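>>> I'll drop the sequence and a predicted model, then ask my questions.
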Protein chains: 2
Amino acid sequence: MLKDYLKNQRELVDSNIEYYLNKLEYPNVIADGMRYSVLNGGKRLRPILLLMVLELYGMKKEMGLPVAVAIELIHSYSLVHDDLPALDNDDYRRGKLTTHKKFGEAEAILIGDALLTHSFSLIAEETKEVSPEKLLKIIGMTSRYAGINGMIGGQTIDIESEKKKVSLDILKYIHENKTGKLIKLPIEIGAIICNSTKDEYDALVKYAEGIGLAFQIKDDILDIEGEFEKIGKPVGSDLELEKTTYPSLFGLNKSKEILKEVLEEAKKSLEIFPKEKVEIFNELADYIGIREN
Amino acid sequence: MLKDYLKNQRELVDSNIEYYLNKLEYPNVIADGMRYSVLNGGKRLRPILLLMVLELYGMKKEMGLPVAVAIELIHSYSLVHDDLPALDNDDYRRGKLTTHKKFGEAEAILIGDALLTHSFSLIAEETKEVSPEKLLKIIGMTSRYAGINGMIGGQTIDIESEKKKVSLDILKYIHENKTGKLIKLPIEIGAIICNSTKDEYDALVKYAEGIGLAFQIKDDILDIEGEFEKIGKPVGSDLELEKTTYPSLFGLNKSKEILKEVLEEAKKSLEIFPKEKVEIFNELADYIGIREN
């Protein structure tokens, strides 16, 4: 059920990513590099979350698709830059060569820049049937959540925290910003497009924060327990970098307990909606707890 | 006259850059790095061009200041990334250490990303008295002119063209995109904010294209004839990289002639406006021809 649902949504997202990126031609290395970096078999969690909110309110998916693609472009650019030699220096992602290994380092920097830049034109120029006022709000939020007070901030403190023991507060800051903000973003944008009430908005944000944190804790657990073939990157890299993680702070078993609690609370926050309407949200939360990649 | 005018405008732009960047605090290395990279004694040509158009139409400068700052942030991010070891590998800019030399390479990548990202929140969230419809148009244009079909495209082909002789067509593509688009951008945005007529819009765009090209030809000439103390970077780097430039294609004297012609045409395109209203545009064109840095 969830598996089929995710597959269908992923295909819809992928075909839209292809549609928008195939419009780009020149310079070839940038256009090809953008496609290579985004069309990599990703889970499309962030775009799907936006579509899920639109469905919850019975809105047409078309209203959110350009924004959904834009968010995935931003996610992809962050991976391209994170993988660079000066940052994580990763050669593989999802079992494929990273963008700088495939296209060169200078090119990868520019490909990342181009993905980030292009995402704002998708929101501003390709989104139909959403008012200019709402689109401006969406652009402002996207910029804030992806920038110094969001994803980039989290990524920076993450790098600064390598090879040293950090407090739970700092670990939380990293999680909330490095991965959390870009998971909250599509859910909040969906709520804006759908004119959700204040209570509904807050409930959706709480759900988003919960699954965002859970996603990160699960990532840390998979870095210890996962299999290279499934997660597509070497196991144990956190340990090697002496990174502070939930498992390093609380141990593996306690981390699994926390993961479970966080997901239960995320599901609980959605009780404000009719149960049959948020089934897929609940299934997704469960899936995050058991995913193997 | 022009000198005083530019100084006043530059001070206004600088105080606004400080105002907006001083709001940013954490992570310190990113906030400090953003300020370091932008507050570097730059000429502020791009923001000033936007303010000049607003003045031409008797509009308040406040309407354009957040956008003007945003454009300067985008210009600065492009310099931070261009200077990186994988790209131009420059240690100095304007006589100061480049951002990666001062803050580290990983940090410089993220500082550049943060500048680019933040620019869109300035346009979307800080601009008052400009309609949402116009702001969306401005955001779309900014994204296109800075992206794969603009500045990044030009920068990419520029890198690919090092150490080889390229055609005039390719050289024109590089100039139009690498530097030209971000000089056109503030002028077109000004025209959008001011509701200029189609003819006025076209005239302003022609002026912008002219001074953009002239700016680049003059840069190439300065790379041969300039002084390190004035241009703040080593003279002769184009020659060393075997870059195709106007001087390498046409010789130094012919390049100076072309420069003069281009500037005359740029000034001519503004004859549609009352002469006393565009005095400063004409003086600026003349200045681009004689500037020493």
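Nice, I can see it. Predicted, not measured: the structure shown is a model, and the values here were computed from it. Residues are numbered from 1 along each chain as shown, chains lettered A, B, ... in the order given.
>>> At the contact with chain B, which residues of the stretch 101-250 of chain A appear?
Residues of the stretch 101-250 of chain A found near chain B (CB under 8 Å from any CB of the partner chain) are A:104-107, A:109-110, A:112-114, A:116-121, A:123-125, A:131-133, A:135-137, A:139-140, A:142-144, A:146-149, A:152-153, A:155-157, A:159-160. In this view, the C-beta of every residue, glycine as well, is placed from N, C-alpha and C.
>>> what ranges do the helices span in the stretch 51-200 of chain A?
Counting by DSSP state H, counting those that start in this stretch, the stretch 51-200 of chain A has helices at residues A:65-82, A:99-103, A:105-121, A:132-146, A:151-160, A:168-174, A:181-193, A:198-225.
>>> are any of the residues of the stretch 101-250 of chain A next to chain B buried, and which?
Applying 16 or more other CB atoms under 10 Å in any protein chain shown to those, the neighbour count classes A:104-107, A:109-110, A:112-114, A:116-121, A:123-125, A:132, A:135-137, A:139-140, A:142-144, A:146-149, A:152-153, A:155-157, A:159-160 as buried.
>>> Spell out which residues sit in contact with residue A:77, please.
Contact partners of residue A:77, counting by CB atoms under 8 Å, 6 or more residues apart in numbering or on different chains, are A:37, A:111-113, A:115-116, A:119, B:113.
>>> same thing but 7 Å
If you count contacts by CB atoms under 7 Å, 6 or more residues apart in numbering or on different chains, residue A:77 has them with A:112, A:115-116.
>>> which one of the residues you listed sits closest to chain B?
Comparing the contacts of residue A:77 against chain B with CB to the nearest CB picks out residue A:116 as the nearest, at 6.1 Å.
>>> just checking, that closest one touches residue B:118?
No - Residue A:116 sits out of contact with residue B:118 when judged by CB atoms under 7 Å, with a separation of 11.5 Å.
>>> what are the phi and psi angles of residue A:274?
The main-chain torsion angles of residue A:274 are listed as degrees, to the nearest 10 and equal phi -60, psi 140.
>>> can you count the residues close to it?
Residue A:274 sits with 10 neighbouring residues when counted by other CB atoms under 10 Å in any protein chain shown.
>>> Point me to the residue of the stretch 151-293 of chain A nearest chain B.
Minimum separation of the stretch 151-293 of chain A from chain B (CB to the nearest CB) falls at residue A:156, amounting to 4.4 Å.
>>> gap between that residue and residue B:109?
10 Å (CB to CB, to the nearest Å).
>>> what's the answer for residue A:142, then?
For residue A:142, the distance to residue B:109 under the criterion CB to CB works out to 20 Å.
>>> same deal with residue A:107?
In this structure, residue A:107 lies at 14 Å from residue B:109, with CB to CB as the measure.
>>> quick one: low-confidence ranges for the stretch 51-200 of chain A?
Segments of the stretch 51-200 of chain A classed as low confidence (criterion: pLDDT under 70) are not present in this model.
>>> repeat that with 90
Filtered on pLDDT under 90, the stretch 51-200 of chain A yields the residue ranges A:94-95, A:128, A:162-165.
>>> contacting residues for residue A:42?
For residue A:42, counting by CB under 7 Å, 6+ apart, there are no contacting residues.
>>> contacts for whatever helix or strand residue A:18 lives in?
For residue A:18, the host element (DSSP states H and E) is helix A:2-21. Under the criterion CB under 7 Å, 6+ apart, residues A:34-35, A:38-39, A:44, A:47-48, A:51, A:65, A:68-69, A:72, A:122, A:280, A:283-284, A:287 lie in contact with helix A:2-21.
>>> buried ones in it?
Under the neighbour-count rule (16+ other CB under 10 Å), helix A:2-21 has A:5-6, A:9-10, A:12-14, A:16-17, A:20-21 buried.
>>> for those, which one is nearest chain B?
Of all the buried residues of helix A:2-21, residue A:21 has the smallest distance to chain B: 10.0 Å, by CB to the nearest CB.
>>> How much space separates that closest one from residue A:31?
Distance of residue A:21 to residue A:31, computed by CB to CB: 7 Å.
>>> that older thread, just the closest of the contacts of residue A:77 to residue B:239, please.
Using CB to CB, residue A:112 comes nearest to residue B:239 of those, at 30.6 Å.
>>> Hmm, the residue of the stretch 151-293 of chain A closest to chain B is touching residue B:29, no?
Yes - between residue A:156 and residue B:29 a contact is recorded at 6.4 Å, counting by CB under 7 Å.
>>> From the contacts of residue A:77, pick the one nearest residue A:244.
Of all the contacts of residue A:77, the one sitting nearest residue A:244 is residue A:112; the distance, using CB to CB, is 26.4 Å.
>>> For the closest one, list the residues it contacts.
Applying CB under 7 Å, 6+ apart, one finds that residue A:112 lies in contact with A:77, A:80-81.
>>> Which strands or helices does the host helix or strand of residue A:285 pack on?
Using DSSP H and E, the secondary-structure element containing residue A:285 is helix A:279-290. Helices and strands touching helix A:279-290, by 3 or more CB pairs under 7 Å, 6 or more residues apart in numbering or on different chains; DSSP states H and E, are helix A:2-21, helix A:198-225, helix A:252-269.
>>> if we can go back for a sec, export the contacts of residue A:112 as CSV, with columns for distance to residue A:221.
Formatted as CSV, the entries for the contacts of residue A:112 read as follows, by distance: CB to CB, whole Å:
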residue, distance to residue A:221
A:77, 27
A:80, 25
A:81, 25
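>>> Show me which of those is closest to chain B.
The closest of these, once distances to chain B are taken by CB to the nearest CB, is residue A:81, at 5.8 Å.
>>> Excluding residues flanking it in the chain, which one is nearest that closest one?
Spatial nearest neighbour of residue A:81, chain neighbours left out: residue A:112 (4.5 Å); criterion: CB to CB, 6 or more residues apart in numbering or on different chains.
>>> No further queries at this time; thank you.
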